[in-house]
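Participant: Turn this into a structure:
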Amino acid sequence: MKTPLPWQMSLWNDLIARMRTDRLPHALLFTGSEGYGKSTLAEALIHGLLCQFPADSGTPCGRCQSCRLLAAGTHPDLMWLEPEETGKAIPVDRIRAVGAFFALKGQYGGRQIVFINPAEAMNRHAANSLLKTLEEPTEDALLILISSQPSLLLPTIRSRCQAVVFPRPEAQISETWLQEQLKEVDESAAIKNLLMLSNGAPLAAQALHETGGLAVRRDLASQWVGVVEGKADPLACAKQWSELGLPNATRWLSSWVMDLIRLKSGADPVAITNGDLRPQLQKLVPRLELKRLFAYLTQITETARWVNSQLNAQLVMEDLMVSWSRQAH
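Facilitator: The predicted structure is shown next:
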């Protein structure tokens, strides 16, 4: 049974209030940073809407026929659209099927729901095909689009969806939840560090811990420092970084370079984001130029805009690592 996460209750209550007063639109666009739980809340809403006997709070009963079908992934009034592989596009033929799906009457007499995640994975033909459905929605149709990068969506798609913006979770709520998930981590400082390294995103912090990400991060940091010092091969480094995945790679690189900019600009070393890497970053400061660091940060930021498109991660990381190797005086 899908339920909202603790930091999502305000958004959840607003959505349920709109549902009860018949003010839910035909298309919702959930936006916010990775790791905030956008798809979790969307699934909770879907389960609540399709449940035959939902609770007063809007949560599903977990026992009715609809709930059993949802748990099995076979509910006939729900269409789930995601890329077949991470980084691949959602092709136009799958989006065209949305129109045919909505043309049929729902088998349980209620809503028909289509879930698209991430929405920016639609190629241009697919996005244009979806516009036709958005322009002429059927009465009981509901489209839920998930996007961490809504700027990559067509403006015409964004304008036809009602945005649900996920704010950064409150620190105390995030820390309490993460501690409950990671009972083996008994130090509050470690929990705070995981959240800091994940930009305050609880689900990203949980994944970072469970995948051994902290150890991997330390190893990659040492290798990255070695590249700019001329002690490590940028192409070999790029190969290992590409295995991390472009979303994580660009997020970590951006954070490290911003800390270098802070240190180079004379900021208090205590104020940097990656405090555990401060000795490694600090020793690089004398050999780096502020102007070139800003240019490198721009390159990383531009790359990050397209991490969910069909980029070749190996080639992208080679480009970033070669640029990095040229940073030193």
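Participant: any chance you could map the strands in the protein?
Facilitator: In the chain, the strands defined using DSSP state E lie at 27-31, 78-81, 112-116, 141-147, 162-165.
Participant: Touching the fourth one from outside, list them.
Facilitator: Outside strand 141-147, the residues within contact range by Cβ atoms under 8 Å, 6 or more residues apart in numbering are 24, 26-31, 38-39, 42, 45-46, 49, 98, 102, 111-120, 130, 133-134, 137, 153, 157, 161. To be clear about C-beta, it is placed using only N, CA and C from the backbone, and glycine gets the same treatment.
Participant: got the angle for that strand vs strand 27-31?
Facilitator: Orientation check (axes from the mean of the first three to the mean of the last three Cα atoms, to 10 degrees): strand 141-147 against strand 27-31 gives 20 degrees.
Participant: how about the residue nearest to residue 80 when sequence neighbours are not counted, what does it touch?
Facilitator: Once flanking residues are discounted, residue 80 sits nearest to residue 115: 5.3 Å by Cβ to Cβ, 6 or more residues apart in numbering. By Cβ under 8 Å, 6+ apart, the contact list for residue 115 reads 42-43, 46, 78-81, 144, 146.
Participant: Pick the one among those closest to residue 185.
Facilitator: residue 43 (26.4 Å; Cβ to Cβ).
Participant: For that closest one, give its distance to residue 59.
Facilitator: 12 Å (Cβ to Cβ, to the nearest Å).
Participant: how near is the residue nearest to residue 80 to residue 82?
Facilitator: For residue 115 relative to residue 82 (Cβ to Cβ), the value is 8 Å.
Participant: Also residue 126?
Facilitator: 13 Å.
Participant: Between the two, which is the more surrounded one?
Facilitator: It is residue 126, of residue 126 and residue 82, that has more neighbours when counted by other Cβ atoms under 10 Å, with 21 against 16.
Participant: Identify the residues contacting the more buried one.
Facilitator: So residue 126 contacts 89-92, 94-95 (Cβ under 8 Å, 6+ apart).
Participant: Of those residues, just say which sits nearest to residue 222.
Facilitator: Of the contacts of residue 126, the one sitting nearest to residue 222 (Cβ to Cβ) turns out to be residue 89, at 35.2 Å.
Participant: Apart from its chain neighbours, what residue comes closest to the closest one?
Facilitator: residue 123 (4.4 Å).
Participant: And for residue 26?
Facilitator: That would be residue 137: by Cβ to Cβ, 6+ apart, it lies 3.9 Å from residue 26.
Participant: show me what contacts residue 222?
Facilitator: residue 280.
Participant: Please apply the same query to residue 205.
Facilitator: Counted by Cβ under 8 Å, 6+ apart, residue 205 has contacts 35, 174, 178, 191, 194-195, 197-198.
Participant: mind redoing it with 10 Å?
Facilitator: 35, 174-175, 177-178, 181-182, 191-199, 213 (Cβ atoms under 10 Å, 6 or more residues apart in numbering).
Participant: do residue 17 as well
Facilitator: Contacts of residue 17 (Cβ under 10 Å, 6+ apart): 23-24, 58.
Participant: Name the member of those with the most neighbours.
Facilitator: Highest count within those by other Cβ under 10 Å belongs to residue 58, 21 neighbours.
Participant: Identify the residue spatially nearest to residue 206, adjacent ones excluded.
Facilitator: residue 181 (5.4 Å).
Participant: same thing with residue 271?
Facilitator: Per Cβ to Cβ, 6+ apart, closest to residue 271 is residue 262, 6.8 Å.
Participant: For residue 233, see how far away the one you found is.
Facilitator: Residue 262 is 28 Å from residue 233, by Cβ to Cβ.
Participant: between these two, who's got more neighbours?
Facilitator: residue 262 (17 against 14).
Participant: Go ahead and confirm that one touches residue 297.
Facilitator: No - in this structure, residue 262 is not within contact of residue 297 by Cβ atoms under 10 Å, at 11.5 Å.
Participant: Run through the stretch 1-150 of the chain and note the low-pLDDT ranges.
Facilitator: Applying pLDDT under 70 to the stretch 1-150 of the chain flags no residue at all.
Participant: please redo it, this time with the cut-off set to 90
Facilitator: Counting by pLDDT under 90, the stretch 1-150 of the chain shows low-confidence ranges at 1-3, 20-22, 56-57, 84-89, 103-111, 123-124, 132-133, 135-140, 149.
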